[in-house]
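K.L.:
Below are the sequence and a predicted model; questions follow.
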Amino acid sequence: MPTKENIYASQQIIVSDRCCVQYGESLALDDVTFSVTKGKKIAVVGPNGGGKSTLFKALAGLIPLSNGSLKINGLDPLMAKGMISYIPQKDSLNWNFQLSVKQVVEMGLTDKNSLFSFNNKKNLKKINESLNQVGILDKSEENINNLSGGQQQRVLLAKALIQDSDILLLDEAFSAIDVGAQEDIMKIINGSDLKEKTILLATHDINNLEDKFDEVLCLNRHCCAFGDPLEVLTAEVIEEMYGSHNNMFLDHKPGSHGS
Amino acid sequence: MLSELLIDPFQYDFMIRALIAAVFCGVTLSTLGTFTINRNMGFMADAMAHATLPIIAVGVFFGFSISELGAPAAIVVALFLGFIVKNTKIGEDTSIGIIFSTFFALGFILIKLLNVTINLEDLLFGQILAVNRTDIYIITALFLIVIGIIIIFFKQLLFYSFDPIGAEVKGLNTNFLNYLFLITLSLAVVSALQTVGIILVLSMLIIPAASAKLITDTFIDSIKVSIAFGIISSVTGLIVSYHLDLPTGPSMSLVASTVFLLSYISNKSKIKNS
């Protein structure tokens, strides 16, 4: 007979309960509550500074919560590090390095036990499988700087996939790439290979989200709405996200939103 | 004739010691230089060299040699610079600039106040011909430590340098890797103070690496070529300075600059022909 814990572990892979993150005096996330079922593909939308990257960093255990709780498979983010692959915004990577596609993907297999190694031949099979999944196996020896923006995103996706984590966080994966490349990445994300993966993708494109994602999380420092894109992306929610209503946050304290 | 030109200088013990120092410093600096230029840390490295001056002044006052003080000074400076850069919100370049100039000024004041006997020209531009047996032991030990750290932590350092957030999410100890690299870089810089001096150490750190980057396609190849250029520049500079009676540190730097110029021309003609 399934216990409450089992149900929790098997269905709700991410549970955010009144989660708050503060940078100094500024509230970056205020009272954010939502839960994600295993295997769902979630779009995270909202304005710049709306807390999308902050939420991803909190999920990845990179920043602490100031209030509330965040659980990954029932564990605190710091204890769940192996369960998450994180593709940060492209400008946080150092593109000065002349790395081959293969080398970048192999970083997904690098951990604190990776000592005394340069190029590990035993990783080649996994690297090729991962590159095949994102359709750029033929580019494995290319310098990553010679690829298009869309191809670079695929390399980063392959780097995330090789980690075989349950959850993939893609922060602004569509920035600076054309519509065709965006469609290609969505096809990979919604393909049968990634059916089991729970994927959260931060995006500024709120058009046709229902065709691409199971659910949408609308953030503007607080959770404006969460659920089926067709149901929750109302004019009011869009206004709440992108309209000028910053004054409503001035008096807020962590955990007080909506109370 | 050519063999005489190459072999003749090394009939003297002091030149053999200088050769060992030149090769080890060339390899150490040019290896770390590849990481340094790609991480835009040249100014940090320059600050490390300059910031050792007050420690050297106090150390010499208490009877230590510059080489003996190198490793502890490097570690103190690296930890201090790393801490200040991470914990101030005034920008990396600005905080490095403040530490750089403050420590360098403090060094000169201490030299004067403590009445320390230091040949400033040797300290600023190097005096490789004065390298003694103890210096060689220290330079060799620092060479082994620096290269050992790079070999052991290569993959982690590369991952952290390319994708610091991804590395942290993967569970790498990025704080440790940050300070490990700073200390390694600082050790490499101070190991070369006797060879090329405070001012010119930057040239041996970044010029071979920058030259290699111009003519290679991958990071691994750039390390190999950078090491070759580092050795060529330091040994050629040593030999040229012997025959032409020129200062050795500046000679090494100018050979490195010549290699850079040739690499630049090669890179441009490659682009033009492609």
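P.N.:
That came through, no problem.
K.L.:
next helix or strand past the longest helix belonging to chain B?
P.N.:
Criterion DSSP state H: the longest helix present in chain B is helix B:133-162. Sequence order places helix B:164-169 as the next helix or strand after helix B:133-162, per DSSP states H and E.
K.L.:
Compute the inter-axis angle for the helix or strand just after that next one and helix B:133-162.
P.N.:
Next in sequence after helix B:164-169, counting helices and strands by DSSP H and E, comes helix B:174-191. Calculated by axes from the mean of the first three to the mean of the last three CA atoms, to 10 degrees, helix B:174-191 forms an angle of 150 degrees with helix B:133-162.
K.L.:
Distance from the chain centre to the very next helix or strand once past helix B:174-191, please.
P.N.:
Per DSSP H and E, the first helix or strand lying C-terminal to helix B:174-191 is helix B:193-215. Centroid displacement of helix B:193-215 relative to its chain, using CA atoms, centre = their mean, to the nearest Å, is 6 Å.
K.L.:
which stretches of the stretch 101-250 of chain A form helices?
P.N.:
Using DSSP state H, counting those that start in this stretch, the helices found in the stretch 101-250 of chain A span residues A:101-106, A:124-133, A:149-161, A:179-189, A:209-212, A:229-232, A:235-242.
K.L.:
Run the contact check for the longest helix of chain B versus chain A.
P.N.:
Yes - Helix B:133-162 is in contact with chain A by CB under 8 Å from any CB of the partner chain, via B:151-156, B:158-159, B:161-162. In this view, the C-beta of every residue, glycine as well, is placed from N, C-alpha and C.
K.L.:
how many neighbours does residue 198 have?
P.N.:
All of this refers to chain A. 24 (other CB atoms under 10 Å in any protein chain shown).
K.L.:
Actually, chain B is the one I wanted.
P.N.:
B:Ile198: 26 neighbours (other CB under 10 Å).
K.L.:
do A:Gln133 as well
P.N.:
For A:Gln133, using other CB under 10 Å, the count is 18.
K.L.:
my guess is it meets A:Ile162, correct?
P.N.:
No - A:Gln133 sits out of contact with A:Ile162 when judged by CB atoms under 8 Å, with a separation of 9.0 Å.
K.L.:
Can you name the residues that contact A:Pro88?
P.N.:
By CB atoms under 8 Å, 6 or more residues apart in numbering or on different chains, the residues touching A:Pro88 are A:171, B:163, B:165-166.
K.L.:
repeat that with 10 Å
P.N.:
Applying CB atoms under 10 Å, 6 or more residues apart in numbering or on different chains to A:Pro88 gives the contacts A:53, A:56-57, A:60, A:62, A:156, A:169-172, B:163-166, B:168-169.
K.L.:
Looking at those, which gets the smallest pLDDT?
P.N.:
Within these, A:Glu172 has the lowest pLDDT, namely 80.
K.L.:
So what pairs up with the residue nearest in space to the middle of chain A in the strands?
P.N.:
With distances taken as CA atoms, centre = their mean, the residue of chain A nearest its centroid is A:Leu169 (1.8 Å). With DSSP bridges as the criterion, A:Leu169 is bridged to A:Tyr86, A:Leu200.
K.L.:
if I look at it, how far off is B:Gly230?
P.N.:
41 Å (CB to CB, to the nearest Å).
K.L.:
Point me to the helix or strand that includes A:Leu27.
P.N.:
strand A:26-37.
K.L.:
List the buried residues of that strand.
P.N.:
A:27-34, A:36 (16 or more other CB atoms under 10 Å in any protein chain shown).
K.L.:
swap in stretch A:194-212?
P.N.:
Here stretch A:194-212 shows A:194, A:197-203, A:206, A:209, A:212 as buried, counting by 16+ other CB under 10 Å.
K.L.:
Could you give the separation of it from the chain centroid?
P.N.:
With CA atoms, centre = their mean, you get 10 Å for stretch A:194-212.
K.L.:
try stretch A:226-243
P.N.:
The answer for stretch A:226-243 is 20 Å, by CA atoms, centre = their mean.
K.L.:
Within range of chain A, give me the residues from the stretch 1-150 of chain B.
P.N.:
B:34-35, B:37-40 (CB under 10 Å from any CB of the partner chain).
K.L.:
Dump those to TSV, plus pLDDT and secondary structure.
P.N.:
Formatted as TSV, the residues of the stretch 1-150 of chain B next to chain A follow (pLDDT from 0 to 100; DSSP: H, G, I helix; E, B strand; the rest coil):
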residue	pLDDT	secondary structure
B:Thr34	96	helix
B:Phe35	96	helix
B:Ile37	96	helix
B:Asn38	95	helix
B:Arg39	94	coil
B:Asn40	92	coil
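K.L.:
Reformat the helices of the stretch 101-250 of chain A as CSV; add distance to A:Ile13.
P.N.:
Formatted as CSV, these follow (distance: least, CB to CB, whole Å):
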stretch, distance to A:Ile13
helix A:101-106, 25
helix A:124-133, 21
helix A:149-161, 16
helix A:179-189, 16
helix A:209-212, 20
helix A:229-232, 20
helix A:235-242, 24
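K.L.:
so which of these comes closest to B:Thr52?
P.N.:
helix A:101-106 (34.7 Å; CB to CB).
K.L.:
Show the contacting residues for the residue nearest the centre of chain B.
P.N.:
By CA atoms, centre = their mean, chain B has its centre lying nearest to B:Val189, at 3.6 Å. Counting by CB under 10 Å, 6+ apart, B:Val189 makes contact with B:25, B:28-29, B:32, B:36, B:44-52, B:70, B:73-74, B:77-78, B:198, B:201-202, B:204-205.
K.L.:
If we use 6 Å, what do you get?
P.N.:
Neighbouring residues of B:Val189 by CB atoms under 6 Å, 6 or more residues apart in numbering or on different chains: B:45, B:48-49, B:201.
K.L.:
neighbour-wise, which of those leads?
P.N.:
Most surrounded of these: other CB under 10 Å gives B:Met48, at 32 neighbours.
K.L.:
of the buried residues of strand A:26-37, closest to chain B?
P.N.:
For the buried residues of strand A:26-37, the closest approach to chain B (CB to the nearest CB) belongs to A:Ala28, at 16.1 Å.
K.L.:
Now do the same for the residue nearest to that closest one when sequence neighbours are not counted: its pLDDT.
P.N.:
Nearest residue to A:Ala28, sequence neighbours excluded (CB to CB, 6 or more residues apart in numbering or on different chains): A:Thr54, at 4.3 Å. A:Thr54 is assigned 94 on the pLDDT scale.
K.L.:
do the same with B:Asp217
P.N.:
pLDDT, B:Asp217: 89.
K.L.:
Report the secondary structure state of it.
P.N.:
coil (DSSP: H, G, I helix; E, B strand; the rest coil).
K.L.:
now do the one 10 residues further on
P.N.:
Reducing the assignment to helix, strand or coil with three-state DSSP, the entry for B:Ile227 is helix.
K.L.:
what about the closest residue in space to B:Ile152 that isn't next to it in sequence, neighbour count?
P.N.:
The shortest distance from B:Ile152 to any non-neighbouring residue, by CB to CB, 6+ apart, is to A:Leu115 (5.3 Å). Under the neighbour criterion other CB under 10 Å, A:Leu115 is assigned a count of 11.
K.L.:
Low-confidence bits of chain A, can you list those?
P.N.:
A:1-10, A:119-120, A:176, A:244-259 (pLDDT under 70).
K.L.:
List just the nearest of the contacts of A:Pro88 to B:Asn267.
P.N.:
Of the contacts of A:Pro88, the one sitting nearest to B:Asn267 (CB to CB) turns out to be B:Asp163, at 26.9 Å.
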